[in-house]
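Chemist: no FASTA, just this:
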């Protein structure tokens, strides 16, 4: 298809499509003349993926490009590729010299972890923030949340196709960036249902 | 204590403390002379709470003030007060005219919900975003996530003191703003542990 059809079918403005081409987020089309190129279904899919990263996950173009580059050339170590991709997702922050709270919690939950993995710093910051706010998480609460999140993670991993590295990285990144808001909204709504039942209203 | 001690013990700069006083986030001290006022432990606690909302939850001063006002004067309907408070927490967005995806999912999960509750719009947006990204959530996945989030919510509600409305709103708001990042980080880390076990690495 011509770029005009790509614009129409994707719903993304021509100037934006050209910008993505120029910045390397969208792969070039098949050049057919000095001024024309042909685009295929893979370009439409790519535009949907770019839209997911920029509009749904709210990433800037530079971070979206970094994630796309990792998806395009995943390492043979899925967790390593995913770790690199997650650095481009919020929350952002400098690495920390130590992770005393996160380390203690992960040991409490009996979970293996790589201390270089960026989510360890996320957990450390979140736990420190709860302490600073005067609402530290009790071990009992951490166990309750840890069990529930492990159930979700086991579902996620069981449904991942690990034999396709590019697909697995795509699934892992999108499952993080796109499914987290669903999970947060579900918990907020579960509070409403659970409190109605508990308070009998 | 004098304002100088409040500044020292809270670690919050004097100009910021004065700004919070002026904007009504921090209640005034007990005036002892034309230029002096006495502050108590309640002022220190309040400063920790303001810090939690602005620094940990990342809210602007205006939104933090709106939440503090709700905590200071909760209605006798906890879920209503909480609903108002949650409007000040991210994600933000205009109300939607309809919630077809959220409605279907909540019916699938058998959960009661008030369609005016802002989290219904959050869920609708998150589900629509996943569709747009080409990774819609299957019913099986929604059930897995729904069960896990309900477990967390039931823990949260069971540990809430509903006989103290101000305390309950405080607990609910902080449990949303401050615990969500913990939950998100725990799931990311659970992926690492679960994939190690699944892939045998």
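Modeler: Received, thanks. On a predicted model such as this, the values are computed, not experimentally measured, just so you know. Numbering: from 1, shown residues only, chains lettered A, B, ... in the order given.

Chemist: Which pLDDT value goes with the nearest residue to residue A:84 once chain neighbours are set aside?
Modeler: Distances taken as CB to CB, 6 or more residues apart in numbering or on different chains put residue A:70 closest to residue A:84, at 5.4 Å, once the chain neighbours are dropped. C-beta here means a position set from N, CA and C on the backbone, and glycine is covered the same way. Here, the pLDDT recorded for residue A:70 equals 88.

Chemist: Spatially central residue for chain A, please.
Modeler: The centroid of chain A falls nearest to residue A:177 when counting by CA atoms, centre = their mean (2.7 Å).

Chemist: Can you tell me the closest non-neighbouring residue to it?
Modeler: In space, residue A:177 is closest to residue A:57, 3.8 Å off (CB to CB, 6+ apart).

Chemist: Three-state assignment for residue A:82, please.
Modeler: Of the three states, residue A:82 takes helix under DSSP: H, G, I helix; E, B strand; the rest coil.

Chemist: residues near the residue nearest to it when sequence neighbours are not counted, how many?
Modeler: Using CB to CB, 6+ apart and skipping residues adjacent in sequence, the residue nearest residue A:82 is residue A:172, 4.6 Å away. The local packing of residue A:172 (other CB atoms under 10 Å in any protein chain shown) involves 25 other residues.

Chemist: Can you give me the buried ones in whichever strand or helix holds residue A:172?
Modeler: Using DSSP states H and E, residue A:172 falls within helix A:165-177. By neighbour count on 16 or more other CB atoms under 10 Å in any protein chain shown, the buried set for helix A:165-177 is A:165, A:168, A:169, A:170, A:171, A:172, A:173, A:174, A:175, A:176, A:177.

Chemist: For it, name the packing helices and strands.
Modeler: On a contact count with 3 or more CB pairs under 8 Å, 6 or more residues apart in numbering or on different chains; DSSP states H and E, helix A:165-177 meets helix A:61-72, helix A:78-86, helix B:179-199.

Chemist: what's the angle from the longest one to helix A:179-199?
Modeler: Inter-element angle recorded for helix B:179-199 and helix A:179-199: 120 degrees (by axes from the mean of the first three to the mean of the last three CA atoms, to 10 degrees).

Chemist: Show me what counts as buried in helix B:179-199.
Modeler: Buried-residue list, helix B:179-199, by 16+ other CB under 10 Å: B:179-196.

Chemist: Could you restrict those to the ones contacting chain A?
Modeler: B:179-196 (CB under 8 Å from any CB of the partner chain).

Chemist: ok, the closest residue to residue A:14 other than its chain neighbours to chain B distance?
Modeler: The shortest distance from residue A:14 to any non-neighbouring residue, by CB to CB, 6+ apart, is to residue A:7 (4.8 Å). Per CB to the nearest CB, to the nearest Å, residue A:7 is found 17 Å from chain B.

Chemist: so the residue nearest to residue A:84 touches residue A:85, yeah?
Modeler: Yes: in this structure, residue A:70 is within contact of residue A:85 by CB atoms under 8 Å, at 4.7 Å.

Chemist: which residues do those two both contact?
Modeler: Shared contacts of residue A:70 and residue A:85, defined by CB atoms under 8 Å, 6 or more residues apart in numbering or on different chains, comprise A:169, A:173.

Chemist: Which helix or strand contains the residue lying closest to residue A:183 once chain neighbours are set aside?
Modeler: Closest residue to residue A:183 apart from its sequence neighbours, by CB to CB, 6+ apart: residue B:145 at 5.6 Å. Take DSSP H and E as the rule and residue B:145 turns out to sit in helix B:139-158.

Chemist: Quick one: mean pLDDT over that helix.
Modeler: 96.

Chemist: For residue A:112, list the residues it contacts.
Modeler: Residue A:112 sits next to B:192, B:193, B:196 when contact means CB under 8 Å, 6+ apart.

Chemist: what's around residue A:24, how many residues?
Modeler: 11.

Chemist: related to what we said a few turns ago, the residue nearest to residue A:82 is in contact with residue A:74, isn't it?
Modeler: No: at 9.8 Å, residue A:172 does not count as touching residue A:74 under the criterion of CB under 8 Å.

Chemist: Can you tell me how far the residue nearest to residue A:186 when sequence neighbours are not counted is from residue A:189?
Modeler: The shortest distance from residue A:186 to any non-neighbouring residue, by CB to CB, 6+ apart, is to residue B:149 (4.2 Å). To residue A:189, residue B:149 is 8 Å away according to CB to CB, to the nearest Å.

Chemist: need the helix or strand of chain A with the lowest average pLDDT.
Modeler: helix A:78-86 (a mean of 81; mean pLDDT, DSSP states H and E).

Chemist: got the buried residues for whichever helix or strand comes after that helix?
Modeler: Toward the C-terminal end, the helix or strand that comes next after helix A:78-86 (DSSP H and E) is helix A:100-108. Within helix A:100-108, the residues that count as buried by 16+ other CB under 10 Å are A:101, A:102, A:105, A:106.

Chemist: give me the number of residues near residue A:52?
Modeler: Neighbour tally, residue A:52, other CB under 10 Å: 23.

Chemist: Confirm it sits in a strand?
Modeler: No: applying three-state DSSP, one finds residue A:52 to be helix, outside a strand.

Chemist: Now for the nearest residue to it once chain neighbours are set aside, how many residues are close by?
Modeler: Counting by CB to CB, 6+ apart, residue A:52 lies nearest to residue B:133, which is 3.0 Å off, once chain neighbours are set aside. Per other CB under 10 Å, the neighbour tally for residue B:133 reads 21.

Chemist: No further queries at this time; thank you.
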